[in-house]
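Q: sequence plus the predicted model coming up.
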Amino acid sequence: LGYAPVPIKADDTTTLPLDDFMSEDAKPLWGPRGRGDLSLMKALGANAVRLYGNDPRQDHTSFLNEAKSNGLHVLPGMSDYPFSQMDGNCMTTSYNCYSQLKDAYL
């Protein structure tokens, strides 16, 4: 099941403040004390959750533990953070992204 809830409620939706829905900041969406999206996915018959971005600076332990407790596999996506958001991003190195991606994901 693809998961990108994008809870933007402002008029300006041209930027997404945090596209990492595995982070602690998004816990009210997927956590058991919040909306409980992961348990709802499992109840609907999902066996895996596919995400579309992650910020390597964030801690994902709680999300991974919650997914595991619900019997869900996690397919994390690759964030645009090293491409366009971080200092020294790929746009500043003529799109030679090897060092940005290696540093961000190792």
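A: Sure thing, it's come through.
Q: right, and L101 touches P82 too?
A: Yes: judged on Cβ atoms under 8 Å, L101 makes contact with P82 at a distance of 5.4 Å. Where you see a C-beta, it was placed from the backbone N, CA and C, and this is true even at glycine.
Q: tell me which of the two has more neighbours.
A: The neighbour comparison of L101 against P82 (other Cβ atoms under 10 Å) goes to P82, with 21 against 15.
Q: could you pull up phi and psi at that one?
A: phi -70, psi -20 (degrees, to the nearest 10).
Q: what's the closest non-adjacent residue to it?
A: Spatially, and ignoring its direct neighbours in sequence, P82 is nearest to Q100 (3.9 Å; Cβ to Cβ, 6 or more residues apart in numbering).
Q: just the pLDDT for the one you found.
A: Note on Q100: pLDDT of 76.
Q: my guess is it contacts T93. True?
A: Yes: assessed by Cβ under 8 Å, Q100 is found in contact with T93 at 7.4 Å.
Q: how close does the residue nearest the centre of the chain sit to G88?
A: Closest to where the C-alpha atoms of the chain average out (Cα atoms, centre = their mean) is D20, at 2.9 Å. Distance, D20 to G88, by Cβ to Cβ, to the nearest Å: 19 Å.
Q: wait, doesn't the residue nearest to the centre of the chain sit right on N54?
A: Yes: look at D20 against N54 with Cβ under 8 Å: they come within range, at 4.9 Å.
Q: overlap in contacts, those two.
A: Here D20 and N54 have H60, S79 as joint contacts, going by Cβ atoms under 8 Å, 6 or more residues apart in numbering.
Q: give me the beta-bridge partners of A48?
A: H73 (DSSP bridges).
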